[in-house]
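*Asks:* model this:
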Amino acid sequence: MSDALLNRLYAPCHSRAVVTGGGSGIGRAVALGLAQLGVDVYVMGRRHERLEETRSLGTGAPGRIVPIRCDIREPETVSAAFDRVE
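*Replies:* Residues are numbered from 1 along each chain as shown. As a prediction, the model looks like this:
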């Protein structure tokens, strides 16, 4: 499928997104895909080093990837994480 067709089918309606579990698997794939479409993506997860890997993989994409450590077992990290979303 061409990039032009993908862009028409999956044109984002917002300029930023929050993706949980962005350090691996489906979360990482969604974050990278959104960044390719020009969305600024805030990836959240427990392991900061994995989130940094996602950011590194997205280098050169039109959108930026912002890694934010967040653990739902620690409520203060959840509040702090969403405070960082611009």
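
*Asks:* could you pull out the helices for the protein?
*Replies:* Taking DSSP state H as the criterion, the chain carries its helices at 3-9, 25-36, 48-57, 75-84.

*Asks:* most packed of these?
*Replies:* Of the helices of the chain, the one with the most neighbours on average (mean count of other CB atoms under 10 Å) is helix 25-36, at a mean of 19. All C-beta atoms are positioned from the backbone trio N, CA, C, and that covers glycine.

*Asks:* That helix - what's its average pLDDT?
*Replies:* Here helix 25-36 scores 95 as its mean pLDDT.

*Asks:* now the angle between helix 48-57 and it, please.
*Replies:* Interaxial angle, helix 25-36 versus helix 48-57 (axes from the mean of the first three to the mean of the last three CA atoms, to 10 degrees): 40 degrees.

*Asks:* Need the residues that contact helix 25-36.
*Replies:* With contacts defined as CB atoms under 8 Å, 6 or more residues apart in numbering, helix 25-36 is touched by 10, 12, 17, 19-22, 41, 43, 45, 54, 57-58, 61-65.

*Asks:* Pull out the buried residues from stretch 60-70.
*Replies:* 61, 63, 65-70 (16 or more other CB atoms under 10 Å).

*Asks:* Next: stretch 15-23.
*Replies:* Across stretch 15-23, burial judged by 16+ other CB under 10 Å covers 17-23.
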